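# with the sequence up front, the predicted model follows.
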Amino acid sequence: MFLRFWGTRGSIPVPGKSTLKYGGNTPCVELRTSDNQLIILDAGSGLRELGKSLVQNGGDKSIHIFISHYHWDHIQGIPFFMPLYEKGKDITFYGEGCSNKKVKEILGYQMTANYFPINLDEAGSKTKFIEIKTDSVYQIGNVKVETRRANHSSPTISYKFTEGNKKIVYMTDNELHAHDSQDDISGVKILDKYKELVEFCSDCDYLIHDSMYDEISVLNKKGWGHTGNITLAYFSILAKVKNLVLFHYNPDYCDEKIDDLLKETLSVLNSENSTINCVASKEGMCIEL
Ligand SMILES: [Zn+2]
Ligand SMILES: [Zn+2]
């Protein structure tokens, strides 16, 4: 499998000189299978650049887009995704129905007349909408896709993609919060509260996870649906992941702040004698596995 990051920011795009290193676009990750099928994880503003590159390269008749949830930062790239307007493209959206509405209705709403000049039905490509559920298994070519419920303010799905013996978990907008102070973080408490998610991520090659805040700021954001970097380090140790990828950064964090977040996460992993490789995702970063 192959991964490329097109958007790594949470909440809202933040272009500007303070975000040049990690990027300002909201979540979008390209995943390619060994037989070159294209799977896209979330459709934030990063989807726009991905779409342009797909049109330039001319390939990929068939595109699979998995949506974690419908908060604006995860769907706002769809109206600006150029392949959507190309005849001959088959674009399949996967998501969970929400508030008694189906995926098509939810995604189509942001392209109704008050919000956008072109309706989703008029886009030109052949679109399909698959209603998925949590705790389920799907198959895209050689890749098995498994789903779990994340802890977020709106129903959110985490995905695990398995091809052969390689596993990638995409778990963003997920809150891990099992303590009341920074000194109180413990693997035992995290395991007790999040055993199911630890098992879901167990032994994965790459865990791409929400690390929106540092551990001090997250303390007064209980219930917001995001995770602090130190708790995430402990969670990753429990799950025995091989590589941890920090993702979905606070829009107020400049590049230097994300550098510090990474340094601190690495130092916690180091102090626990962990061999986990941790990186901070940035736009354009590619991973081959
Ligand atoms: Zn988000
Ligand atoms: Zn969200």
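Looks like it came in fine. Numbers count the residues shown, from 1 in each chain. Ligands and ions are numbered 1, 2, ... in the order given.
# show me where the protein has helices.
Under the criterion DSSP state H, the chain carries helices at the ranges 46-57, 103-109, 187-201, 215-218, 229-239, 255-271.
# closest to A280 out of the ones you listed?
Distance to A280, taken as CB to CB, is lowest for helix 255-271 among the helices of the chain, at 4.3 Å. Every residue, glycine included, has its C-beta placed from N, CA and C.
# ligand 2 contacts on the stretch 101-250 of the chain?
Taking CB under 5 Å from the ion as the contact definition, the stretch 101-250 of the chain meets ligand 2 at D173.
# where in the stretch 101-250 of the chain is pLDDT low?
Judged by pLDDT under 70, the stretch 101-250 of the chain has no weakly predicted residues.
# list the residues that contact the residue most central in space within the chain.
In the chain, the centroid-proximal residue (CA atoms, centre = their mean) is T172; its distance is 4.7 Å. The neighbourhood of T172, defined by CB atoms under 8 Å, 6 or more residues apart in numbering, consists of G10, P27, D42, S68, A150, S158, I208, H209, D210, F247, H248.
# would you confirm that the last one contacts G10?
Yes - counting by CB atoms under 8 Å, H248 does reach G10; the two are 4.1 Å apart.
# where do the contact lists of the two overlap?
Here H248 and G10 share the contacting residues P27, T172, D173, D210, M212, H226, scored by CB under 8 Å, 6+ apart.
# top of the residues you listed by number of neighbours, please.
When neighbours are counted as other CB atoms under 10 Å, the busiest of these turns out to be P27, with 33 neighbours.
# phi and psi next, for it.
Backbone torsions of P27, given as degrees, to the nearest 10, read phi -50, psi 130.
# between H248 and G10, who's got more neighbours?
With other CB under 10 Å as the criterion, H248 and G10 differ in neighbour count, and H248 comes out ahead with 28 against 25.
# K128 versus the more buried one, what's the distance?
As judged by CB to CB, to the nearest Å, H248 and K128 stand 27 Å apart.
# returning to that earlier point: H69 versus the residue nearest to the centre of the chain, what's the distance?
For T172, the distance to H69 under the criterion CB to CB works out to 9 Å.
# in a markdown table: the helices of the chain, plus distance to L3 and mean neighbour count.
Written out in a markdown table, the entries for the helices of the chain read as follows (distance: least, CB to CB, whole Å; neighbours: other CB atoms under 10 Å):
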| stretch | distance to L3 | mean neighbour count |
| --- | --- | --- |
| helix 46-57 | 12 | 19 |
| helix 103-109 | 24 | 18 |
| helix 187-201 | 16 | 17 |
| helix 215-218 | 26 | 18 |
| helix 229-239 | 17 | 24 |
| helix 255-271 | 18 | 17 |
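# distance to N165 for these - can I get that in TSV?
As requested, these are exported to TSV (distance: least, CB to CB, whole Å):
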stretch	distance to N165
helix 46-57	27
helix 103-109	31
helix 187-201	16
helix 215-218	33
helix 229-239	17
helix 255-271	24
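# out of those, nearest to ligand 1?
Between ligand 1 and these, the shortest gap by CB to the ion is with helix 46-57, which sits at 12.2 Å.
# so what touches the closest one?
The set of residues that contact helix 46-57 without belonging to it, under CB under 8 Å, 6+ apart, is 5-8, 23, 25-28, 30, 38, 40, 60, 63, 77-78, 80-84, 86, 283.
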